[in-house]
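>>> A structural model of the following input is requested.
(chains A and B)
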Amino acid sequence: MQIEATINNQKMTLEVAPDELLSDALRARGFLSIRQGCDTSCCGLCTVWIDGKPTLSCTTLAFRVKGKHITTIEGVRQQAEEFAQVLAAEGAEQCGFCSPGFIMTVLAMKQELKNPTEQEIIHYLTGNLCRCTGYLGQLRAIKKYLGGA
Amino acid sequence: MKYVGKGVPKIDSLRIATGHPVYTEDVVPANPLVVKILRSPHAFAKIINIDTSKAAELEGVVCILTHRDVPKTRFTLAGQSYPEPSPYDRYILDEIVRYVGDEVAIIAAVNEKIALRAMELIKVEYEVYEPVLDFETAHEHPSVVHPETDLICNVDIAMQQDKNIVCSHYQEIGNVEQEFAKCAVVVEETYYTQAQAHAMMETYRAVSYLDHTGRLVVTSSTQIPFHIRRQLARALEIPASKIRVIKPRIGGGFGGKQTGAVEVFAALVTLKTGQPAKIVLDRRETFTCTTSRHAMRIKVRLGADEEGYIRALDIEGLSDTGAYGEHAPTVFWVLGEKTLPLYNKTRAVRYHGKVVYTNKMPAGALRGYGATQGTFALESAVNKLAEKLHMDPTELRLKNIIRAGETSLAYHGKILGSSTLHQCIERGKEMIRWQEKYPRQEISPNKVRAVGMAVTMQGSGIAGIDTASAEIRLNDDGNYTLLLGSTDMGTGSDTILAQMAAEVLETSLDRIIVHAADTDISPFDPGSYASSTTYVTGMAVVKAAMDLVAKIIAQGAFLLGVPEEEVTFNGEVLQCGEKTLTLQKLAELTVLGTGKLQLVGHGTFGSDVSPPPFVAGFAEVEVDRETGKVELLDYVAVVDCGTVINPNLARIQVEGGIVQGIGLALYEDVKYDAKGNMLTNSFMQYKIPCRKDIGNIRVAFEESYEPTGPFGAKSIGEVVINTPAPAIAHAVYNAVGVRVTKLPITPEKVFQGLQKK
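Numbering: from 1, shown residues only, chains lettered A, B, ... in the order given. The predicted structure follows:
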């Protein structure tokens, strides 16, 4: 079926199959930052924003974004790099496979929460798994980023 | 030093973090065939018939391969230097399937949907056998997991195929029984460590195609590109010279990608069809059809004299390798190698036991590689001994552990080059405030807080076996290219190796281009495993850089017309008295005008020793007496990894390893049902720690200087996973008196222990 959606501020007409997942649809159209780490909505790797809200693209049917605004990390390059620099300075990006989804969640959190406590940060990001860093370096980076932003 | 010891960011950090296409699946040639695997629903069966005719008729299906269509050479998927100690016990596809998930047919189609539809249309008849599922009775089981007659062992691992025994091992130094008889105090306990999943975020994947000369090119998320090339050559029965393996960025490995889980399937499809092919395992396949940590039963006996010196140490292991023997003997040997030398006041030590086949997913390499299992058992037993001796467990260790300059029975006269483990223990005690908190504090009628501890060691590379090379090229514009065959799985090894090169070449990091790894281009490296990259490849890089500096000076002297000995080089300028030549000019002259000679430095390094890094780990837990719930409040890890090359990256390595160790201690467990189906096949059932599960973790370094290492460095990657399980188990015991000897330490086990009291 054909749907219209806005991806990273560009209006697009997409031909999607009824059972096509948004993550697959985005990757097929060259948004290769979309990563999948599970098939059960557990890991947060595939997080994109739909109308500004962080959403798991691997469990969203593509046709459901009809008329909506989708943002991938390609659409927020500058913000993403600003945070990625803080993350890298901490040494906390490691394999990087989970980073795009993680960064999209962090940027969404920054918009959503005012002066979050450490517990609020941890709670907001609980759905974003990472097997390399042990999370603490990411937390240090977030605190620096929020403090300095 | 300008670069060594500095916490510089990873050279690839920004691109990987912000989602640029750098991983295997991002660099796929156009329109590859999608490869899917039909897998066995039975734990043990013989394929009587496969009918692929209906599936083959489906439009878009390009090829379907069964055991009738594949080369019949036995091989191993273990990523080890040839000749691998792991048995050659696999075909690409066999008519016998040995675990639920074992490969039955390879399907290649123009897209995933068609491949999956084709899979449903394949009809397979099985003769189902009685599976071997309990590793403790596998050796007595009437079923034989590997009845084939063409299984090959490169080295004598004392296999007893008919008894499902892959490998037997016996090592005794001194007379253990005699020494036990003399001991004032003896403790004995049997411990169980579970299978653990790697759970790296990027699942297994590979892409293959034929290049312009018809050679097979395989791009893979692997830790071991050179071993993959050799494996493919053997399994596919083609010369290794016809194969090129490329490793792009890797989304985590932890030893899982030291086993060639997928490459052969894509490669075979490309060879059969001539078309590019891609295989990507989903999370469920990654959990159920690759490898996990070897589950083990470990019996430990420790004997000490009245003063608290440990005099006799006896460890007996039984390891479950599952359906195939990847890493079976070596993981088992490493358990002994990394535990026997730690307490060196011993007069006799013994390590012995067996590894058995069962009809479960194969076990393989996983961070810690046997040392993790051994550390849990040995350190738990040491804590038990301390209690029996009425000694503080930190004091018992300070008294008994090996020091730099000493030897150990298991070292056969070799001397330990470096260790600050004593300082690590002292510092960790202060950080956790051991004196105030040991053993416990009552918080409320239900809640008790307590501390526990453990120490551990690992190695750095495989002594006497694994050798790496590095090359550094001086480019025409005065920059350098560092060519490596090792794999950065996210650890930052490319960066720290460049830091080492920059230090020797006295240049800046941005003037070094790092290239790793491509078997056509890279110098040989066994790969990134056994905690070898910083130490083994690092030393090769240092040697290559020194070689290049010598060549720069020699060529500079030639161009200046002065004796070599009189030339100095500061990274920018070559000087002899008044005469100078810039590096940039020299570089230019390597490709232009007189004196043309492009300079390349080479370095090769393999070590006779495997210097151990050490960790002292301290846990503080809160246990709920009513529910058995264990909450980890604080974890302190003090690490001796020699010289810390990059403190930021090293710290993250420690934190990440500790969290993986916490997972092993408290949450993670690969479980099967009574028929051999894996129950923990998603992140829903297999619980790796999330941000809320880990409490606080604090890391400190007590640097030592390893004389055989690059700039005094040892390894860090694996050792960091070993202490959480025994330290947390110790803390739980100190809190409520329940000794959990079977990982993971779940609330149920603690609760049941409390009920028995």
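>>> Please make it C-alpha for all contacts and neighbour counts, starting now.
Will do.
>>> how about the strands of chain A, start to end?
For chain A, the strands defined by DSSP state E cover A:2-7, A:10-15, A:47-50, A:53-56, A:69-71.
>>> Once you drop chain neighbours, what's closest to residue 109?
If you meant another chain, say so; for now it's chain A. A:Tyr124 (7.1 Å; CA to CA, 6 or more residues apart in numbering or on different chains).
>>> ah, no, chain B please
Leaving aside its sequence neighbours, B:Ala109 sits nearest to B:Val61 (CA to CA, 6+ apart; 4.2 Å).
>>> Specify the beta-bridge partners of A:Thr55.
Applying DSSP bridges to A:Thr55 gives these bridge partners: A:Val48.
>>> does it really touch A:Val48, like I thought?
Yes: using CA atoms under 8 Å, A:Thr55 is in contact with A:Val48, at 5.5 Å.
>>> Neighbour count for the two, which is higher?
When A:Thr55 and A:Val48 are compared on other CA atoms under 10 Å in any protein chain shown, the one with more neighbours turns out to be A:Val48, at 29 against 20.
>>> residue contacts, that one?
Going by CA atoms under 8 Å, 6 or more residues apart in numbering or on different chains, A:Val48 touches A:Pro54, A:Thr55, A:Leu56, A:Ser57, A:Ile70, A:Thr71, A:Thr72, A:Ile73, A:Gly101, A:Met104.
>>> can we see that at 7 Å?
A:Val48 makes contacts with A:Pro54, A:Thr55, A:Leu56, A:Ser57, A:Thr71, A:Thr72, A:Gly101, A:Met104, as judged by CA atoms under 7 Å, 6 or more residues apart in numbering or on different chains.
>>> about what we covered before: quick one: the residue nearest to A:Met109 and A:Gly44, what's the gap?
11 Å (CA to CA, to the nearest Å).
>>> quick one: low-confidence parts of chain A?
A:148-149 (pLDDT under 70).
>>> Now whichever residue of the stretch 1-150 of chain B sits closest to chain A, what are its backbone angles?
Relative to chain A, the nearest point of the stretch 1-150 of chain B is B:Gly19 (4.1 Å; CA to the nearest CA). Main-chain dihedrals, B:Gly19, degrees, to the nearest 10: phi 80, psi 20.
>>> Quick one: list the elements packing against the longest strand seen in chain B.
Longest strand in chain B by number of residues (criterion: DSSP E): strand B:310-322. Under the contact criterion of 3 or more CA pairs under 7 Å, 6 or more residues apart in numbering or on different chains; DSSP states H and E, strand B:310-322 touches helix B:176-182, strand B:295-304, strand B:348-357.
>>> rerun at 6 Å
Strand B:310-322 sits against strand B:295-304, strand B:348-357, with contacts defined as 3 or more CA pairs under 6 Å, 6 or more residues apart in numbering or on different chains; DSSP states H and E.
>>> what comes into contact with the next helix or strand after it?
Using DSSP states H and E, the helix or strand that follows strand B:310-322 in sequence is helix B:328-337. Contacts of helix B:328-337 with the rest of the structure, by CA atoms under 6 Å, 6 or more residues apart in numbering or on different chains, involve B:Cys167, B:Thr321, B:Tyr351, B:Tyr369, B:Gly370, B:Ala371, B:Gly374.
>>> do the same with stretch B:219-237
Stretch B:219-237 is contacted by residues B:24, B:73, B:79, B:206-207, B:239-240, B:245-247, B:250, B:257-258, B:487, B:527-528 when judged by CA under 6 Å, 6+ apart.
>>> hmm, which of those are the buried ones?
Buried members of these, scored by 16 or more other CA atoms under 10 Å in any protein chain shown, are B:24, B:73, B:79, B:206-207, B:240, B:245-247, B:250, B:257-258, B:487, B:527-528.
>>> In chain B, where's the longest helix?
The single longest helix within chain B, with elements called by DSSP state H, is helix B:538-560.
>>> so how far is chain A from the residue lying farthest from the centre of chain B?
The centre of chain B is farthest from one residue, B:Glu578, which by CA atoms, centre = their mean lies 53.3 Å away. Applying CA to the nearest CA, to the nearest Å, the value for B:Glu578 to chain A is 42 Å.
>>> Kindly report the same for B:Glu622.
19 Å.
>>> And B:Glu188, by the same measure?
B:Glu188 is 34 Å from chain A, where distance means CA to the nearest CA.
>>> Check the residue in the stretch 101-250 of chain B that chain A sits nearest to and give its pLDDT.
Residue nearest to chain A within the stretch 101-250 of chain B: B:Met201 (5.3 Å; CA to the nearest CA). pLDDT recorded at B:Met201 is 98.
>>> can you count the residues close to B:Ala158?
Neighbourhood size, B:Ala158 [other CA under 10 Å]: 14.
>>> For it, list the residues it contacts.
By CA under 6 Å, 6+ apart, the contact set of B:Ala158 is B:Cys167, B:Ser168.
>>> That one: helix or strand, and which one exactly?
Using DSSP H and E, no helix or strand contains B:Ala158.
>>> My read is that B:His602 contacts B:Ala544, right?
Yes: look at B:His602 against B:Ala544 with CA atoms under 6 Å: they come within range, at 4.2 Å.
>>> Three-state assignment for the residue in the stretch 351-500 of chain B positioned nearest to chain A, please.
Here the residue of the stretch 351-500 of chain B nearest chain A is B:Gly490; by CA to the nearest CA that distance is 3.5 Å. Recorded secondary structure, B:Gly490: coil (DSSP: H, G, I helix; E, B strand; the rest coil).
>>> What pLDDT is listed against it?
pLDDT, B:Gly490: 95.
>>> Now do the same contact list for it.
Counting by CA under 6 Å, 6+ apart, B:Gly490 touches A:Gln94, A:Cys95.
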